[in-house]
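Peer 1: Quick one, fold the following:
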Amino acid sequence: DGRLHIHLPKPLHGWREFLGEVGIIVLGVLIALAAEQVVEAAHWGGSVWQMREAMRSELAIDRERLEINLAQDSCMDARLDAILRWASTAPASARIPNTDRPFLWNYHTSTWDITKTSPTAGHFSLGEQLKYAETYDAIANEQRYLFDEQGSWTDLAATLASADQPENR
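Peer 2: As a prediction, this is how the structure comes out:
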């Protein structure tokens, strides 16, 4: 016949059956909790991997920029020597049309700024967090020197703009 039959649960008979049922429930809860932990670990593992890759990429670009900036040192020294020679020997009314200032690349730290304030940071080991912090502190230091250097070139250009007379040099 096509009727739906509902079976009522049978009453438990004794402690042994009761403990068996509780054991099955506890085991089910433990399996569910373990599965949740596995899913959470996979999620955080993926987030940490993405952040780590983003920082590695940012640091690689910053390193290239640092190397380009450092490679200009000898050119900047030569240019400063030439300006000094000009200031010592140029006739009155002579001007330097251009200071030929270098193009100095800035460095980026945005990925670290995001990482250190995100919940993902807590999933990096302490040692790894400290290494990244140390590296990005060094970049911030280098950035301060870079800004000072850019300011010095700007000041030099302004000074040279009015250095058409030997007494202004």
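Peer 1: Tell me where this structure is predicted with low confidence.
Peer 2: Along the chain, segments meeting pLDDT under 70 span 1-2, 12.
Peer 1: All the helices of it, in order from the start?
Peer 2: 15-71, 73-89, 110-117, 126-161 (DSSP state H).
Peer 1: right, and the ones you listed - which one's nearest D100?
Peer 2: helix 73-89 (5.5 Å; C-beta to C-beta). Quick note: C-beta positions are derived from backbone N, CA and C, even for glycine.
Peer 1: what does that closest one contact?
Peer 2: Here helix 73-89 makes contact (C-beta atoms under 8 Å, 6 or more residues apart in numbering) with A94, I96, T99, D100, P102, L156, L160, A163, R169.
Peer 1: I'd like to know how far L30 sits from Q37.
Peer 2: Distance of L30 to Q37, given as C-beta to C-beta, to the nearest Å: 11 Å.
Peer 1: Likewise for L8?
Peer 2: Distance from L8 to Q37, counting by C-beta to C-beta: 36 Å.
Peer 1: between the two, who's got more neighbours?
Peer 2: Remark: of L8 and Q37, Q37 carries more neighbours, 10 against 5, as counted by other C-beta atoms under 10 Å.
Peer 1: Identify the residues contacting that one.
Peer 2: Contacts for Q37 (C-beta under 8 Å, 6+ apart) come out as none.
Peer 1: Phi and psi next, for K10.
Peer 2: The phi and psi values for K10, taken as degrees, to the nearest 10, are phi -80, psi 140.
Peer 1: going forward can the numbers begin at 164, since that is how I track them
Peer 2: Sounds good: first residue 164 from here, last item K173.
Peer 1: Just give the number of residues close to it.
Peer 2: K173 has 7 neighbours, counted by other C-beta under 10 Å.
Peer 1: rewinding a little: overlap in contacts, L193 and Q200.
Peer 2: Counting by C-beta under 8 Å, 6+ apart, L193 and Q200 have no common neighbour.
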